Structure formats: structure tokens, C-alpha cells
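Engineer: For reference, the sequence and a predicted model appear below.
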Amino acid sequence: MSLGKDYAGQECSMAGALEVVGERWTLLVVRDALYGVRRYNDFLAHLGIPRAVLASRLQALTAEGILEKRRYQESPPRDEYVITERGIALWPVLRSLGRWKREQYGETQLRFFRHADCGTELGSYGECPACGYVVPVADVLMDPGPGLDPDPADPVGRALLKPRRLLQPIESDPV
Ligand SMILES: [Zn+2]
């Protein structure tokens with residue numbers, strides 16, 4: 001018997017959210033979309049997952065209105081996946097999850113997320129402790145921390161070695 005995908009009988013919004021984003025790889029696709037990844041081959045290279053799994057996650061996230069499929073080239077036809085407001089609203093969740101792991105397990109920092117206007121590192125929920133508000137995602141600057149691999153094998157990983165704002169599109173060369 002395979003494990004079901006839903007949490008039937010759970011009257012709980014968290015369970016409902018996990019039905020949408022709780023499958024393996026789904027939140028990492030959202031993370032990459034927040035980092036500015038839009039193209040299938042870039043998701044594939046950066047996540048290193050089987051094509052069928054990626055295709056299924058992209059389809060599910062599009063159906064949920066978390067990603068929007070947009071045609072960027074007609075011949076041959078090519079689509080990209082752009083994160084929507086509903087997807088962007090997951091940023092504080094991902095920020096909080098990442099920080100929870102690092103703090104609870106005493107890990108070296110992989111990336112810094114800062115308020116671009118003042119350079120202060122964001123708090124656990126995406127807020128700027130200096131300015132006192134939740135920073136709009138487009139104003140979040142990320143730059144590499146000491147724990148990050150300085151020589152990643154994939155083009156997205158290399159693009160993410162430079163300081164850049166969230167949502168700023170990453171466009172690798174067509175393959
Ligand atoms: Zn600030």
C-alpha cells in the first residue's frame with residue numbers, strides 16, 4: 001500500500017498547506033523560484049532531480065497558482081515558470097525553516113539574507129530588525145556565507161555566488 005498524499009481527517013490549515021507544498025522537492029522548487037530560477041533546465045541543473053519528478057512538481061505548483069507558466073520563445077516553443085504572489089508569500093516560511101535548521105543544529109551559515117536598503121541580516125520571519133518591518137521579497141539581498149561551496153558544478157549555483165536580490169531572474173544560456 002502506498003502512502004497517501006493527503007491528511008484526510010485533519011481539520012488543520014497546516015495539514016492543508018502540507019498537502020500543497022509538503023511533497024519532497026516541492027518547497028525547494030519554490031526556493032529556487034524565489035532565487036530567480038525560471039527555466040526548466042536551470043531547475044533541473046540546480047536541483048539535480050529526475051526530469052519526471054521536476055515536471056510533476058512544476059505542473060502541481062502551476063495548478064496551485066504558486067508558479068505561472070509563461071511563454072518566452074515561440075520557435076521552438078519554450079516556457080518559463082515565474083513565481084506568483086501566492087508563491088512569494090511562502091518566503092517567510094522558507095526563511096524560518098532554514099534558520100531553524102542552522103540554529104538548532106549549530107551549522108555554519110551558507111547564505112546571508114539581508115535588507116538591501118540597510119544591509120542588516122533578516123530575522124527568522126524575513127523582518128529587518130533595524131528597520132522594524134518585514135522586508136518585501138524584492139528588497140532581500142542574498143550573498144554567500146562561509147559554509148557555501150565556492151565552486152558549484154551547475155550554472156545556477158555559480159550565479160548564486162554573487163550577491164543578488166531575490167526574484168531577480170537568472171537566465172542561463174539556452175542549452
Ligand atoms: Zn533594514
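Structural biologist: Received, thanks.
Engineer: Could you use CA atoms for every contact and neighbour count after this?
Structural biologist: Noted.
Engineer: which stretches of this protein form helices?
Structural biologist: 13-21, 26-35, 40-47, 51-63, 85-88, 91-104, 155-159 (DSSP state H).
Engineer: So which bits of this structure are right by the ion?
Structural biologist: Residues of the chain lying close to the ion (CA under 5 Å from the ion) are 115, 118, 128, 131.
Engineer: Strands - which of those residues land there?
Structural biologist: 115, 128 (DSSP state E).
Engineer: Compile the residues of the chain next to the ion into JSON lines and extend it with columns for pLDDT.
Structural biologist: Formatted as JSON lines, the residues of the chain next to the ion follow (pLDDT from 0 to 100):
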{"residue": "His115", "pLDDT": "98"}
{"residue": "Cys118", "pLDDT": "98"}
{"residue": "Cys128", "pLDDT": "97"}
{"residue": "Cys131", "pLDDT": "98"}
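Engineer: nearest spatial neighbour of Lys162, skipping sequence neighbours?
Structural biologist: Asp143 (6.3 Å; CA to CA, 6 or more residues apart in numbering).
Engineer: Dump the helices of the chain to a markdown table, plus distance to Val135 and mean pLDDT.
Structural biologist: Below are the helices of the chain laid out as a markdown table (distance: least, CA to CA, whole Å; pLDDT from 0 to 100):
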| stretch | distance to Val135 | mean pLDDT |
| --- | --- | --- |
| helix 13-21 | 23 | 93 |
| helix 26-35 | 14 | 98 |
| helix 40-47 | 26 | 95 |
| helix 51-63 | 24 | 97 |
| helix 85-88 | 12 | 98 |
| helix 91-104 | 10 | 94 |
| helix 155-159 | 23 | 92 |
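Engineer: Buried deepest among these, which one?
Structural biologist: helix 26-35 (a mean of 21; mean count of other CA atoms under 10 Å).
Engineer: can you list contacts of that helix?
Structural biologist: By CA atoms under 8 Å, 6 or more residues apart in numbering, the list of residues contacting helix 26-35 from outside reads 21, 43, 47, 57-58, 61, 81-83, 87-88, 91, 94, 165-170.
Engineer: Please tell me how far the residue nearest the centre of the chain sits from Tyr7.
Structural biologist: In the chain, the centroid-proximal residue (CA atoms, centre = their mean) is Arg31; its distance is 0.8 Å. With the distance defined as CA to CA, to the nearest Å, Arg31 ends up 24 Å from Tyr7.
Engineer: Buried ones among the residues of the chain next to the ion?
Structural biologist: Buried by 16 or more other CA atoms under 10 Å: 115, 128, out of the residues of the chain next to the ion.
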